Structures are given as structure tokens and as C-alpha cells.
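> just coords:
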């Protein structure tokens, strides 16, 4: 699988590293705002000098006509910023799959991605880790089973994280909770990311929690998503949807659950 | 639904109370070892003097010929002791459903229950709470999705609880874990019952936990089980199986999960 | 130690039971609003028929002149309601110690208790459990040691509990936290009471948490408080102060900590 | 404060980075087994090219006569391996303080460090984070206050960590717990390090927990230790002892706790 990456910030670097380490993938290039060390390998920068992967290109180069034809990839993974989608969107015309893991899009960007999804397989999830999506789907299932349970969400992040976690907002939306009163945001120290959904019944409590140990979790999730899109027809996909399918499949494995 | 209860110990009383409080159920009788206050109402004893439910009978009375014909019920719920099943088993001949929540059966009792299940609907679960069974099934699903995850079980109970929790053993068995090395038993103070399954991936951790707030949770679970059996054909049921069905049903609700 | 109790609600009953079970204590009487079963023993009501402790008196009887002279006790424990303090306050003139565990007092009642404390040993704590007070003092110590840590409080209680937990407010006040932004209140199901203080540093997180397993914890705390007051000079005491003293004493035990 | 560092492995690098970032400290040199990039700056390697700190020296160079005279430092911090202490021990003759954070020493190395402590200030702690030491001291205090509590330790680490955590063993030793039955070791995924001490009472549970967010926590702890030793007389110090002193000081701050 040939991958192109937009974004080389704190998370983007870890994503690049996951792609480079993965023997089934080749990181063809990385598009950055900066032009420093342009055309060098991201793999050198990350301590994998023998891999020679991830040529740095500037945003200007990437938006020049013919970039995706000259530097073809199977999938673009985007960990850069809200606006980047408009720069690489036309890659969908070439059938290149798109995996976007931008935390906060406006409706406008989501609409644009949905338009692209008519031409290529496009996946968008604000939080692309496997864990948070398991939590998201399992919580919805549990709510169906115990509809009278009271539900609260706790999300814990490093002190400087602004706003309510997008994943927590998604969980609240899917569970029909008012985010203003049912999301509890903890901002302390260096916590990478923790989400907990609490289901309270009169006589018992159920908790489902997800902790990020390393931001590389986002890279693993993005690769999982990218692999799922290869060979898939054009359409709009989400990690939640992939997780739902995985649960349906797993529960069908009768010998496991009987 | 007319219910007969075996057992009036610490948990049995809470179960009786749940049945009495439930407006759809009538607790017809309670069979105890003791003959003290025999033929009085359990409801008086539990502070519900107006309900006049749960006539106390001794084990001798309950095992006398014709007891279940003279005191008919839809379902027997058993929170007494390992051996009681042999005393009431012949009720299955009358088509009376059986819900047993005995913590530790030998294989012999399980075989006996399975034989009964050819004549009536029989449900057995060592831990009959909704929560622990959600945890049991959700863990198996998650293991299918992340097969390389490391899994550990922590179970916490009051200091005097002997042996490893039956629920933890069940979880370990279903997840293919060696109980000697992967169940961590905490015995401190008065903790009613806590089970946690930890899934560790290189970059993230998922935890599913269940806390008992009150032993009445067992009563709620037993009533849920009893209701599920009413109208069901003869057969051997488990709470885990009911939970699995509930999950399959819930995930089929497309508008919730899409 | 002879004890008189005001209040026989959900918590009051458990407190009464703790006192009756304690072989060093005698529950002389219980003052209730109700006159039902007046002059009978609370011990009968609670399932300890042989103890013959805790004669029920009505509030009218308790406020009649000479009640405390005719029914002398060493200490009054109050788990009733905000206003009761005005009814038994004059017992301080007789040197009777007072332990109040009312959740929410106005400043007026606290001022009144402080006035009483000139004549007798008076202890007031909104949360009288040992655990919450350890959490309160240990958090203040930790804040001194890591003054740059970010601190958040999570408090979890049953769904119908109104308002923010008094204990959480106390913790916030003592740690200099704005309660509106730093207390996260979870209201779900039947959780008896959980408080957690989270200290976040850039590279590590410390959590101190306290769970109520049974409301009898309040009884144990009240007895601990009552015992501490016996023989103490008049003055205004708090559980937090007793805990602080206990910590100072424990840390002085050199062989433990060296 | 001039610092020399032994060890440049996974944790050693993060420690070096903490020292370089600290404006009050200069990392004079780093001793490594490797001779690759010898005499270059660790700061270059870590992405701080302007700092020019932490000249790499090989172990052979460091053990040559006169090394510490030619490259003087105030304190040596050791995150290398068990045997290194014998190589730099004679630095104590020059009054250089020593901070060792080796996880597992044999008694022989500890005896050697104690001998050195007659000539210089020497601090040894298997776990040098502030958090774990707070947990260690706070647990001992709490045990004094509730001597009848049941106590259990849970320690969680990445799957490949061998043996029981040294910190957990230390906690067990100090609390008088049999490590074989009271330490519960969880080995899953990539958890950096979590320790939890649970105190169970019949009606309440207290938990003190410490999570590592980044191994840089060890660097922060080592710097805290190093600073405490500067100006201190020769002697054998521990982080636990420093923490105990910090607690005694903090509890003396009356206006905070009254």
C-alpha cells in the first residue's frame, strides 16, 4: 500500500513512523507547510535512515497541477489542518482513497468530503483510534439494552487542550446526551487522552474506558482505516461504521460466543 | 408472573424484595431451611406489610409430594445452595421454568439442570447481573476485533470471599486466558463485587468494568431472566446467551448506529 | 460511652446499628419526628432484640425541659436535619459533647455550633467518613509538594442527589479551586458516593479516590469522632482536624517511615 | 548545577532532555557504552542544537584516571545499568553527589552506595518519580490511621516488563504485605507504569494511584533529587525520605490545613 501523508506535527510524525515501520506499506511522501529540508526523507528525520521513505514536499508543490499523477499513492492520510482537504481533494478524481483524521471540521468540510466520496472511498473520523470507536459502538449497544440507565461521559486531556474533546461530543451525540451537562472535561498535566462512559443503574454501574498510551495509536488507526478502504467502492466511511461491521462479524462467530 | 423463591439469605432477601416491588410479579412463596415464622409472609419481614407475598415454607414442606401442584408458579428462582436443585427439579415436569443463580455448581448439578431443560425452560448463570454478562460478551467481541491485545482480569470482593470469583473464571474461560496467571483477585474490606477486563495494545488501553452497588442487582437480573423464559420452549439458557441476543438485536437497529 | 442519636432516616438507622453493635457504646435513645412505636427500642426495629438500646423519643419529648438530665448521655450524634441543632443545643450547658454530620448547614447554624463549642466539645463535618477526610488532608499536602499541578475533582452519586456534593465543595475550597469549573458531578444510578481528586503533572498523574461501600461508613466515622471528643476540652473540632492530627502522629512514628 | 549522566537508553535520553531543557542545569557529559558519535553533543542528538550540552564519552574514557577532575560536575545521575556504580564510585572522593535510579540492585551494590555515602551525598531510589514516592509515604501514613484495613497493590506495565515492579515490591515491604499474595501484576500492551494501592474497610475503600504519562517523569524526579543533594552533607538519601520531609513541612503549614 502506497501512502501519502499530509501533516508532520506532533501526531503526524508518529503516524509517519507507524507507516514506515509497517512492512506492508510505503510512505511515498509527506506534505508540510515548511520548506525546510524539503525533498529529504521523513524516514531519515525519524531515525530510520535505511528506509528512504516519505519525501518531504511543500504545500505549494503538492497543490501544483499533476502532483498526484507524478507521485501516485493508493491513499492519502491527512493529519494536518482543517483547510488541507481543499488542496488535495481533487486526488479523488484519480480514485485515490482519502483518510482524514482532523479533530474539528466545520460542516462545510464534511460536505466537501461527502462530495469527494462519490468519486473515491473517503473515510473521516475525528478520533481514528480503534479503542475510541469500540467505546462509541459498545456504548450505543449498551444503551439499547439498558435504556433506563443514566449515562455520563468523562474525558481527560492535557491542560492546554482547548474545547471539549471531539470524541466526547460524538459519544454524547450518539447517546442522545446534552453535551453541556453530561460531558465532564478534565484538563490536567500531560494526560494524552482518556474517555470513560459510565452507565449507572440502581444496583450496578458499568464503565467503558479508553486510554491513549501514545499518539502512535492514531497512526495505527489510520492504517487500519486505509487498509479497509483499499478495494472498497467510492463512498463515505467512518471508523465507527468499520467498528460496527467488525462487531457484527465477530458476534457471528458462533463458536466463540456460544 | 408468579414466582417461587428458594433461599432467603443475604442475597435471597434482596431478590425477594425486588420481586415484591415489581408490579408485574407476585412472589407466591419462599422456601427456607428454617421453620421459624413458617407460613408468615416474606413481605411482612421485608417491610412491605400490605403486599402479603412470599409465604414461608420449610424445605420439608416443599419436597412433600404435590407441593408445586398446590402452590403453582410460573418460575422458580433459586438463590439457596448447591443441593436445592435436586429438591425442586421435578417441577420441570409441570413445565415450571427454572432460574438458578448458584455461584458454584459441580458438573453433576449442571448435568442435572441440562436434563431438566428437556422438559422446561431452564436458565443457569453463576452471575446473573446484566452488567457482568454485558462485560462477558463485550469482551469476547473485543477480543475478536483486536486478537493481539493482551488481556487481564481484575476482580475485587470483600475480604472474606473464598476462592476466585466464578464470574472471573467464566470470563477467563471464554477469553482463553489461564485463570492462574491472568485473574487478579483483590480481597479487601467490604467491596460487594467489581470486575474489570483490561485490553492492552501497544498504544492504547481499553477497560470494561462492572461494579455491584447493591446485591439487589442479582434480583433484577433474575427477574430479567425469568421474564425471558416465560413462553420460551424447553431448553438450556444462560444470561450470557440472552445478552448475546440482546446485542445482536440492538446492533440491528440501524438508525441508532448508522 | 453513652450516645443519644437525633435522626432515624436511611443513614441514621445505619448509624444506630453501628452504635448498637459496638460493645463499648450504648445507644441510650433516638429522637425522631415520628411518634410511631414511641418508647420502643431501636434495637428491636433493627434486628437486635436482645440489646434493648435506643429508646425512641419524639422531638416534643426531647425538647421538653429536663430531657437531657433525665436521659443523660456523653455525646449527641446528629444525623437528622438542619434545624435540629437548635433543639438540642442547650445540652452543651451540661457538658454533653456534640457530633453533627448534617450535609448542608447555613452559616447561621455553624455560628451557633461555634457558640456551643465554648461550653462543650463540638465536632461538625459535612462528611464524617474517615476516608473522605484522609482524601481532604492528603490532597492539601500533595498540593504543597507539587504546587504547579493541575487539580480536578470528580464526585459521583446516585441520580437523585441534588446539588454538588458538600464534600467536593469542601475539597475545592481547601485546594483553592473554583468549584464551578473544577468539580465534575456525575449523577447516575445508585452510586452511594465516590470522590476522586486528580493531580496532573506534565509527565505523571496522581489520583486519590474514596468510595462509600455502605452508608454505615458514616456511623463508623461518627463513633470515631465521638470517641475523640470524650475527655476533650470544649472547642470546635472537625474530622479534618482529627485526621490532620492523626497524620502528624503517624509520620512521627519513625521506624515505620525510615 | 552541573550534571554528568550515565546511561543514554530509552529513559536516559528523556532524562538528558529534561536536564538540557532546565535553565538552571547544564548537562556536562553523558557516558555511554557505545563509542558512536563520541565527543558529539547529546543536545544535537535530541534536537536542541543550540544548547551544546552533554558531550558523549565512552565508558573507557570515563573510567580512565582523572576523568572527574578534568570534567567536573556537581552531581552524577545514573540511569545506566547495575554495574556502572563501580566505575564512577570514586567520584564520591571528590565530593560529587550521586543520584542513582537503577531499578534492580543486589544488596552488594546498595552496600557499596552506602559506603560511598560516607564521603558524599548519595541518593538511591529504584523509582525516582515524585508520584510513586508520594504514594509510598501516603500509604504508610494511611496504614497507621486505619491499621485494620486490608491492603492490596496493583501494578500495571507494558507486556514485556519482566518480574514484579520494584516500586510495588518496595510498597509491599513498607506496608508489611507478602508480595507473593498482595501484589497483582498486570502486563498488557504499552502501559508505561501504573501503581495503585487499595485500602479496604468494611464500609469504604480508599485508592491512591500513580500513572506515568511519559518516562520524562524519571528525569524530573532525578533533577528534584539532585537539587536536594546540592549543599547537603554526606549521607545516604532516598526519594522516600525527601518526600517524608516534604510532607512534614507541608503539614506544618498551619494556615493551609486549619
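Everything's here; your move. Worth saying up front: this structure is predicted, and the values here are computed from it rather than measured.
> mind checking the SS state of residue A:250?
Counting by DSSP: H, G, I helix; E, B strand; the rest coil, the backbone at residue A:250 sits in helix.
> what about it, neighbour count?
Neighbours of residue A:250 under the rule other C-beta atoms under 10 Å in any protein chain shown: 17. C-beta here means a position set from N, CA and C on the backbone, and glycine is covered the same way.
> so is stretch A:27-38 next to chain D?
No: contact between stretch A:27-38 and chain D, assessed by C-beta under 8 Å from any C-beta of the partner chain, is absent, since the two come no nearer than 13.0 Å.
> kindly confirm my reading that residue A:53 is in a strand.
No: looking at residue A:53 with three-state DSSP, it is coil, so not inside a strand.
> residue contacts, it?
Residues touching residue A:53, when contacts are defined by C-beta atoms under 8 Å, 6 or more residues apart in numbering or on different chains, comprise A:19-20, A:26-28, A:41-43.
> what separation is there between the residue in the stretch 1-150 of chain A that chain B sits nearest to and chain C?
Here the stretch 1-150 of chain A gets closest to chain B at one residue, residue A:144, 3.3 Å apart by C-beta to the nearest C-beta. Between residue A:144 and chain C the computed distance is 17 Å (C-beta to the nearest C-beta, to the nearest Å).
> that residue touches residue B:250, doesn't it?
Yes: using C-beta atoms under 8 Å, residue A:144 is in contact with residue B:250, at 3.3 Å.
> quickly list the domain ranges of chain A.
Under automatic domain parsing, the residue ranges defining each domain of chain A are A:2-128+A:216-239, A:130-211.
> got the buried residues for stretch A:175-189?
A:175, A:177, A:182-189 (16 or more other C-beta atoms under 10 Å in any protein chain shown).
> just the pLDDT for the residue in the stretch 1-150 of chain A that chain C sits nearest to.
Of all residues in the stretch 1-150 of chain A, the one sitting closest to chain C is residue A:150 (3.8 Å; C-beta to the nearest C-beta). Reported pLDDT at residue A:150 in the predicted model: 98.
> same question, the one 5 residues further on
At residue A:155, the model reports a pLDDT of 98.
> what residues does the stretch 1-150 of chain A put near chain B?
That would be A:129-131, A:134-135, A:137-138, A:140-142, A:144-146, which are the residues of the stretch 1-150 of chain A within reach of chain B (C-beta under 8 Å from any C-beta).
> what's the longest helix in chain A?
helix A:130-145 (DSSP state H).
> from the rest of the structure, what touches stretch A:224-238?
Residues lying outside stretch A:224-238 but in contact with it, judged by C-beta under 8 Å, 6+ apart, are A:1, A:3, A:25, A:74-75, A:77, A:97, A:99, A:113-114, A:117-125, A:128, A:130, A:239, A:242.
> of these, which belong to helices?
Among those, the residues falling in helices (DSSP H) are A:113-114, A:130, A:239, A:242.
> type out the PyMOL command that picks the buried ones from those residues.
Buried members of these, defined by 16+ other C-beta under 10 Å, are picked up in PyMOL with:
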select buried, chain A and resi 113+130+239+242
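> which parts of the stretch 1-150 of chain A are strands?
Using DSSP state E, counting those that start in this stretch, the strands of the stretch 1-150 of chain A run over A:2-6, A:26-32, A:55-58, A:75-78, A:97-100, A:121-124, A:150-157.
> quick one: the second one to strand A:2-6, angle?
The one in question is strand A:26-32. Note on geometry: by axes from the mean of the first three to the mean of the last three C-alpha atoms, to 10 degrees, strand A:26-32 and strand A:2-6 are set 20 degrees apart in direction.
> what does chain A put close to chain C?
Proximity of chain A to chain C is confined to A:149-152, A:154, A:156, A:158-159, A:184-191, A:198-205 under the rule C-beta under 8 Å from any C-beta.
> quick one: buried ones out of those residues?
With burial judged by 16+ other C-beta under 10 Å, the buried subset of these is A:149-152, A:154, A:156, A:158, A:184-191, A:198-205.
> if we can go back for a sec, separation between the residue of the stretch 1-150 of chain A closest to chain B and chain D?
The span separating residue A:144 from chain D equals 29 Å under the rule C-beta to the nearest C-beta.
> same thing with residue A:56?
Summarising the geometry, the distance separating residue A:56 from chain D, computed by C-beta to the nearest C-beta, is 17 Å.
> what residues are up against that residue?
Neighbouring residues of residue A:56 by C-beta under 8 Å, 6+ apart: A:8, A:29-32, A:37-42.
> just put the residues you listed in a markdown table and tack on pLDDT.
Below are the contacts of residue A:56 laid out as a markdown table (pLDDT from 0 to 100):
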| residue | pLDDT |
| --- | --- |
| A:8 | 95 |
| A:29 | 98 |
| A:30 | 97 |
| A:31 | 97 |
| A:32 | 95 |
| A:37 | 91 |
| A:38 | 95 |
| A:39 | 95 |
| A:40 | 95 |
| A:41 | 96 |
| A:42 | 95 |
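> take these and lay them out in CSV including distance to residue A:81 and neighbour count.
Putting the contacts of residue A:56 into CSV (distance: C-beta to C-beta, whole Å; neighbours: other C-beta atoms under 10 Å in any protein chain shown) gives the following:
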residue, distance to residue A:81, neighbour count
A:8, 12, 22
A:29, 18, 24
A:30, 14, 28
A:31, 11, 27
A:32, 11, 22
A:37, 20, 12
A:38, 19, 13
A:39, 22, 11
A:40, 22, 12
A:41, 23, 20
A:42, 18, 26
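> re the thing from before, what's opposite the residue of the stretch 1-150 of chain A closest to chain C in the beta bridge?
residue A:200 (DSSP bridges).
> correct me, but it touches residue A:200?
Yes: shown here, residue A:150 and residue A:200 form a contact pair, counting by C-beta under 8 Å, at 4.4 Å.
> in the sheet, who's paired with residue A:124?
Bridge pairing for residue A:124 - DSSP bridges - gives residue A:100.
> got the confidence number for residue A:258?
Reading off the per-residue confidence, residue A:258 sits at a pLDDT of 39.
> likewise for residue A:172?
98.
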